[in-house]
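J.: have a look at this fold, sequence not included:
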């Protein structure tokens, strides 16, 4: 018994010195295992596809490990530089970015990448840095500047157009402003202004985005066109029942009825093949990651770390909620992948860097306190 306790304590010390949070790492490995199972099925057993996906996972874990080595103080120092670098890259995207499928989101600087993904990291760091250096609750001018910091990149990403990413980035910044303790009347005023601006927003979003909203309200109006995705997704999820049809035995996925099944609609594949029981297990693991992140935030030593950890954790939750919501038909389809399970190297790397920052906040705090 004493030997087991000694080994456990030694393992925890070594993990702390490597700045790795073992509970989070264990949850990641479970999610990545589920991801590999899902990708093999969604690709109809394409081993090359699974190998590429596994390489992306390995790169993401390396990125997380590197991110965990930097201290929260280092992140606080580099936050403004990273934010303004991302702004410049977003401007470059609008000027001479690559266009694919009528969207200009990519930049080729020797390697092709989406600068909007980097902003997912820069935004919470920048807002937390700005608010943490001021007074609490924030003054009117601080709130105004914070909103400008959030809205400027959000507007640039909307112009690409990329509604899903812009929503996530705006949320990651606004949640920090909310957690800073702003007065309730400001929240109420902001909500009224948002509701009042909806007609203006509707007139200025792209026609295909309007169609997504209308399809969300009534998928049956175009069952073979815009409503096809969500109808097939609902069929897949509903047909899974309690225990599912079995791995690689789902008709919607294996017979190619379900589109985008390796990215946006991989949740539908999992629900069809593993049923409600499998889905509940996945949700529990996700909630554990979010809960662990919020616990790290609560135990953080300083305001900057607390705000960053809270933003990363809650934004991760929004990722999960939006993807599951759009595949089940309770939210419009906005192109948000299922975190750490869907195909997407850049998205996984960005998410794991954010979760690596969570590990940094937890382990550096513990090392300082000893």
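T.: Perfect, thanks for sending it. Source: prediction; values computed, not measured.
J.: please, where are all the strands along the stretch 1-150 of the chain?
T.: 98-100, 103-108, 112-113 (DSSP state E, counting those that start in this stretch).
J.: which stretch among the ones you listed is buried most, on average?
T.: strand 103-108 (a mean of 16; mean count of other CB atoms under 10 Å). Backbone N, C-alpha and C define where each C-beta goes, glycine included.
J.: which other helices and strands contact that one?
T.: helix 72-96, strand 98-100, strand 112-113 (3 or more CB pairs under 8 Å, 6 or more residues apart in numbering; DSSP states H and E).
J.: among the ones you listed, which comes closest to residue 327?
T.: Of all those, strand 98-100 sits nearest to residue 327, with 23.0 Å by CB to CB.
J.: which elements pack onto that closest one?
T.: strand 103-108.
J.: can the strands of the stretch 1-150 of the chain go into a markdown table with extra columns for distance to residue 357 and mean pLDDT?
T.: Shown next, in a markdown table, are those (distance: least, CB to CB, whole Å; pLDDT from 0 to 100):
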| stretch | distance to residue 357 | mean pLDDT |
| --- | --- | --- |
| strand 98-100 | 29 | 77 |
| strand 103-108 | 23 | 78 |
| strand 112-113 | 19 | 77 |
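J.: please identify the deepest-packed of the helices and strands packed on strand 103-108.
T.: helix 72-96 (a mean of 16).
J.: what angle do it and strand 103-108 make?
T.: With axes from the mean of the first three to the mean of the last three CA atoms, to 10 degrees as the basis, helix 72-96 and strand 103-108 are set at 110 degrees to each other.
J.: what's the single longest helix in the protein?
T.: Determined from DSSP state H, the single longest helix within the chain is helix 266-298.
J.: determine the number of other residues adjacent to residue 183.
T.: Neighbour count of residue 183, defined by other CB atoms under 10 Å: 12.
J.: check contacts around it.
T.: residue 137 (CB atoms under 8 Å, 6 or more residues apart in numbering).
J.: and residue 170, by the same measure?
T.: Counting by CB under 8 Å, 6+ apart, residue 170 has contacts 150-151, 154.
J.: still on that earlier bit, let me have the strands of the stretch 1-150 of the chain in JSON lines, extended by distance to residue 33.
T.: Formatted as JSON lines, the strands of the stretch 1-150 of the chain follow (distance: least, CB to CB, whole Å):
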{"stretch": "strand 98-100", "distance to residue 33": "31"}
{"stretch": "strand 103-108", "distance to residue 33": "30"}
{"stretch": "strand 112-113", "distance to residue 33": "27"}
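J.: sketch out the low-pLDDT regions of this structure for me.
T.: Low-confidence segments of the chain, defined by pLDDT under 70: 1-17, 202, 204-206, 208-211, 214-226, 365-370.
J.: helices along that one, start to end?
T.: Going by DSSP H, the chain shows helices at 2-17, 22-42, 47-69, 72-96, 115-132, 140-158, 163-179, 184-204, 207-217, 228-239, 251-254, 266-298, 303-328, 345-369.
J.: for the ones you listed, which one ends up most surrounded?
T.: Note that of the helices of the chain, helix 115-132 is the most buried (mean count of other CB under 10 Å), with a mean of 25.
J.: so that one versus helix 303-328, what angle?
T.: Using the same axes, to 10 degrees: helix 115-132 against helix 303-328 is 140 degrees.
J.: which strands and helices sit next to helix 115-132?
T.: Looks like helix 115-132 contacts helix 72-96, helix 140-158, helix 163-179, helix 303-328, helix 345-369 (3+ CB pairs under 8 Å, 6+ apart).
J.: now do 10 Å
T.: helix 72-96, strand 103-108, helix 140-158, helix 163-179, helix 303-328, helix 345-369 (3 or more CB pairs under 10 Å, 6 or more residues apart in numbering; DSSP states H and E).
J.: run the chain-centre distance for that helix.
T.: Its chain's C-alpha centre and that of helix 115-132 lie 14 Å apart, by CA atoms, centre = their mean, to the nearest Å.
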